[in-house]
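K.L.:
Whatever this is, show me its structure:
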Amino acid sequence: MLQKAWYRLGRYIVSLFARGGLELSIDWKAPIPAGAVILAANHPCTFDPGFLTTLTPNQISVLIRESVFKIPIFGRSLRLCGHIPVIYGNGQQALDEAEKLLKQGKTIAIFPEGRISPLEGGFNKPHSGLARLALKSGAPVIPVGIHLDQKQIYRVETNERTDDDIEIGAFYFHGPYAITVGKAMTFTGDVNDRQLVAQVSEQVMRRIILLSRESALRVQTNRRLNWLKVSRWWLWSPVRLIHYWYAFEGVKID
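P.N.:
All right, here's what the predicted structure looks like:
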């Protein structure tokens, strides 16, 4: 009971921030099916886990790296919300916990890249965790493509190192944030088949990339439309002012 109430409060706060500080845009290729599902998204900024919770009223348990759970107060809040810590070098523990929740009909969210996406809107190579979770649980995968303005991201280095690289925090407070939610993808087969696992990982990641590019195109189109609206207003406003003035003065305009 406490977990649900705390999750709803957190989701409400995130929703206020997303709709108040960001130009949030969501396009649905299909509704999220009922029951156990796995949301799989690219990861351009640190706030993505929170924003994903706004996609459905159902409680989502997001797989998040363990170091975030060590942040005072915030980390405890994540645990109360039911999110899952991913311990570096022991990801299987998080996958096992996620599988248990899927068997209970819950919704899981995972970032196949395993870390923040690189600069200039690129993508990291997907890890195998998503594919193994999908094959073992049988739950459908919902690909999600996210796009935001790279120029608005504030990047900072963290004290955490993985694979001899420094982890980067990417904070995004203002600008367009476009999400495209794809159709469900289902997979069957032997989870121990490495070739199959690699194929599923690449297939889902390709779909995520395509959806992210659709999100980017939508942002570009909206910017063009906004520019046209502003241009039209500036072009027509002087003419309207002159007409209003003459009408106010009682002068007839032919």
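K.L.:
Ramachandran angles for residue 186?
P.N.:
phi -120, psi 150 (degrees, to the nearest 10).
K.L.:
Identify the residue spatially nearest to it, adjacent ones excluded.
P.N.:
residue 140 (5.0 Å; CB to CB, 6 or more residues apart in numbering). C-beta: built from backbone N, CA, C; applies to glycine.
K.L.:
can you tell me how far the one you found sits from residue 118?
P.N.:
Here the criterion is CB to CB, to the nearest Å. By it, residue 140 lies 28 Å from residue 118.
K.L.:
Settle it for me: which of those two has more neighbours?
P.N.:
Per other CB atoms under 10 Å, whichever of residue 140 and residue 118 has more neighbours is residue 140, with 17 against 12.
K.L.:
What is the least confident helix or strand in the chain?
P.N.:
Between all helices and strands in the chain, the lowest mean by mean pLDDT, DSSP states H and E belongs to strand 153-162, at a mean of 72.
K.L.:
What segments of the protein are strands?
P.N.:
22-28, 37-41, 60-65, 84-86, 107-110, 141-148, 153-162, 165-172, 175-181 (DSSP state E).
K.L.:
From residue 18, how far off is residue 176?
P.N.:
To residue 18, residue 176 is 12 Å away according to CB to CB.
K.L.:
still on that earlier bit, pull the contacting residues for the residue nearest to residue 186.
P.N.:
Neighbouring residues of residue 140 by CB atoms under 8 Å, 6 or more residues apart in numbering: 33, 37-38, 134, 184-186.
K.L.:
Count residues in the vicinity of residue 119, would you?
P.N.:
By the criterion of other CB under 10 Å, residue 119 has 12 neighbours.
K.L.:
I'd assumed residue 150 was in contact with it.
P.N.:
Yes: the pair residue 119 / residue 150 is scored as a contact, 6.7 Å apart, by CB atoms under 8 Å.
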